[in-house]
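A.B. asks: Need the 3D shape of this:
(chains A and B)
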Amino acid sequence: MLSIYNSLSNQKEIFKPIHEGKVNMYVCGMTVYDYCHIGHARVMVVFDIIARYLREIGYDVNYIRNITDIDDKIIQRANENGEDFHRLTARFIQAMHEDATALGVLPPSSEPKATESIEDIINLIQKLFDNGYAYHAENGDVYYSVSKFKDYGKLSGKKLEDLRAGERVGVDSYKQDPLDFVLWKTAKPNEPSWESPWGNGRPGWHIECSAMSTCCLGNYFDIHGGGADLQFPHHENEIAQSEGATGEPYVNYWIHNGFVRINEEKMSKSLGNFFTVREVLEKYEPEVVRYFILSSHYRSPLNYSDQHLDNAQHALTRLYTALRGLPVSEESDDDNSYYERFHEAMDDDFNTADALAVLFDLVRDINKIRDEDIKKATLLASELRHLSSILGLLQSDPEQFLQQLGGAIELSADEIDNMIEQRNAARASKHWAEADRIRDELKEKGVTLEDASGTTTWRRG
RNA sequence: GGCUGAGUGGCAGAGUGGCUAUGCAGCGGCCUGCAAAGCCGUUUACAUCGGUUCGAUUCCGGUCUCAGCCUCCA
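C.D. replies: Next comes the predicted model:
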């Protein structure tokens, strides 16, 4: 039975879908004004795993991950570049898709864009007017009146008076209450804008997610996810908007993933301490990055460093090494204990770190019996491949993976094979010094040789 | 200040009221011409102070420390 930690109740709850056999899930995606960093990669990978696992246990999953393609930062960046904002966002949407694909993230069922949802957004704001939650301020902006929504703060555990106590300077005088937030922003000259009953403008942050989620999944759906920093105010405001407009409950389970950190500090654009996905992929195989993300629980902080990536690479090497030389087989083993343990781990709030431990136990058993019972080893290997596929790991050819780790090398495969042949000739005539010289030379160039059962194989390392 | 969450062995990171996590690194052994890979064995743990209990790293409370949110942020 799957249980999920729900940010709304701050505890694990047994997962029960609204419609039997079906899961509707919405995840806040990227605001596309720059390349994705590792923090974004974590969101994509974590919710990819969640969607994959929900499917694995038999749910029909409708997974929506939106793209916010209009906001202040996008406008600002487009202005800086002197380029049309649509061109800017198109570039970064493409880059995001490239990064996602590289990391083995399956495309969501649908990927709505804010700019293509303006009509829904306007309708939603109109409903908020009808229900008395919205007001049109003197400066032309439309605001949400937070004090009118009685449940405000239920997701983030905040009270209105506490929020007021911690209030910042720079209060917007057009708001009736400093905690009110903008639903529709009046356009300044030369800004992208759309017509609305409240004049030309654009959606505020928050409203687009209420509109897109409702549009794709209905008023009330199962899971809503995103980074922990979105819990407040973004998701809190979404609840206020959606429940205020529909009068129905909005979401059953809120899932928030933890941050990627650098030196014990949150990785973020404002702090400037981020690594983009593409930067990291210059140095590490995408699967290594994926493994790194899955090696800790999704709600825990994840400290980024080269050492940790190296560690992930070693671990992944061990997994692939066990698979090497064993044929891909569709047959499965009678022994279900690994499968059960794996599912127990994943059922417990998607405990990927624990699930990985099961994989390593499987690896040990494969290595133990592969020389005596190749058939049994093959069955276990297929089990390993299957369980790993749920995590989106180990789907490459092992030999190929082990040889391409760590980027380009100066030797071609032919050259390496040549040297291996020369070395084996030397070994055959017991010229150990020459054999070792060749092996050392290859080692220096990043190629490790392994003599096993009469043949010599090589890998990066 | 308010609200969350966390403190586990050399590093990373799960978990549990009493029984081996797992990976990397270290040490010893087996295997090997020697290695590598692999297998076996093995060394450092549960922030701190109290409480509950036959027994707590695990439950409860206090203390300390760290991170996050309260402002754009995945």
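A.B. asks: mind checking which helix or strand of chain A has the lowest mean pLDDT?
C.D. replies: helix A:160-165 (a mean of 85; mean pLDDT, DSSP states H and E).
A.B. asks: Now residue A:281: which helix or strand?
C.D. replies: Using DSSP states H and E, residue A:281 falls within helix A:277-283.
A.B. asks: Phi and psi next, for residue A:55.
C.D. replies: Backbone geometry at residue A:55, expressed as degrees, to the nearest 10, gives phi -70, psi -40.
A.B. asks: Show the contacting residues for it.
C.D. replies: residue A:61 (C-beta atoms under 8 Å, 6 or more residues apart in numbering). Every C-beta, even on glycine, is put in place using the N, C-alpha and C of the backbone.
A.B. asks: Pull up the per-residue confidence for it.
C.D. replies: pLDDT, residue A:55: 98.
A.B. asks: how much distance is there from whichever helix or strand comes after the helix holding residue A:281 to the middle of the chain?
C.D. replies: Next along the chain after helix A:277-283, taking DSSP H and E as the criterion, comes helix A:286-294. Relative to its chain's centre, helix A:286-294 lies at 11 Å (C-alpha atoms, centre = their mean, to the nearest Å).
A.B. asks: helix or strand right after helix A:286-294?
C.D. replies: strand A:302-303.
A.B. asks: Put the alpha carbons of the helix holding residue A:281 into CSV.
C.D. replies: Only the C-alpha atoms of helix A:277-283 are listed here, as CSV (Å, rounded to 0.1, in the frame of the first residue of the first chain):
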residue,chain,number,x,y,z
VAL,A,277,22.4,20.8,-16.0
ARG,A,278,24.4,21.2,-19.1
GLU,A,279,27.5,22.3,-17.2
VAL,A,280,27.3,19.2,-15.1
LEU,A,281,26.6,16.9,-18.1
GLU,A,282,29.9,18.0,-19.6
LYS,A,283,31.6,16.2,-16.8
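A.B. asks: which strands and helices sit next to that helix?
C.D. replies: Applying 3 or more C-beta pairs under 8 Å, 6 or more residues apart in numbering; DSSP states H and E, one finds that helix A:277-283 contacts helix A:38-56, helix A:85-102, helix A:286-294, helix A:306-323.
A.B. asks: Could you pull up the mean pLDDT of that helix?
C.D. replies: On average, helix A:277-283 scores 96.
A.B. asks: For that helix, give me every contacting residue.
C.D. replies: A:35-38, A:40-41, A:95, A:98-99, A:102-103, A:289, A:306, A:309, A:406-407.
A.B. asks: neighbours of residue A:363, just the number please.
C.D. replies: Neighbour count of residue A:363, defined by other C-beta atoms under 10 Å: 19.
A.B. asks: How is the nearest residue to residue A:147 once chain neighbours are set aside assigned, secondary-structure-wise?
C.D. replies: With C-beta to C-beta, 6 or more residues apart in numbering as the criterion, residue A:147 has its nearest non-adjacent residue at 5.7 Å, and that residue is residue A:177. Secondary structure, DSSP: H, G, I helix; E, B strand; the rest coil: residue A:177 is coil.
A.B. asks: My guess is residue A:177 contacts residue A:149. True?
C.D. replies: No - using C-beta atoms under 8 Å, residue A:177 makes no contact with residue A:149, being 11.4 Å away.
A.B. asks: what about the two, which has more around it?
C.D. replies: Comparing residue A:177 with residue A:149 by other C-beta under 10 Å, the one with more neighbours is residue A:149, at 21 against 15.
A.B. asks: Spell out which residues sit in contact with the more buried one, please.
C.D. replies: Here residue A:149 is in contact with A:133, A:240, A:243, A:244 (C-beta under 8 Å, 6+ apart).
A.B. asks: Please identify which pair of these lies farthest apart.
C.D. replies: Between any two of the contacts of residue A:149, the greatest separation by C-beta to C-beta is 9.7 Å, found for A:133 and A:243.
A.B. asks: Go ahead and confirm residue A:355 touches residue A:393.
C.D. replies: No - assessed by C-beta under 8 Å, residue A:355 is found out of contact with residue A:393, at 10.2 Å.
A.B. asks: Mind listing the shared neighbours of those two?
C.D. replies: With C-beta under 8 Å, 6+ apart, residue A:355 and residue A:393 have no common neighbours.
A.B. asks: Spell out which parts of the stretch 301-450 of chain A neighbour RNA strand B.
C.D. replies: Applying C-beta under 7 Å from any atom of the strand, one finds that the stretch 301-450 of chain A approaches RNA strand B through A:301-303, A:307-308, A:311, A:314-315, A:318, A:321-322, A:345, A:348, A:351, A:353-354, A:356-357, A:360-361, A:363-364, A:367-368, A:427, A:432, A:435-436, A:439, A:448-450.
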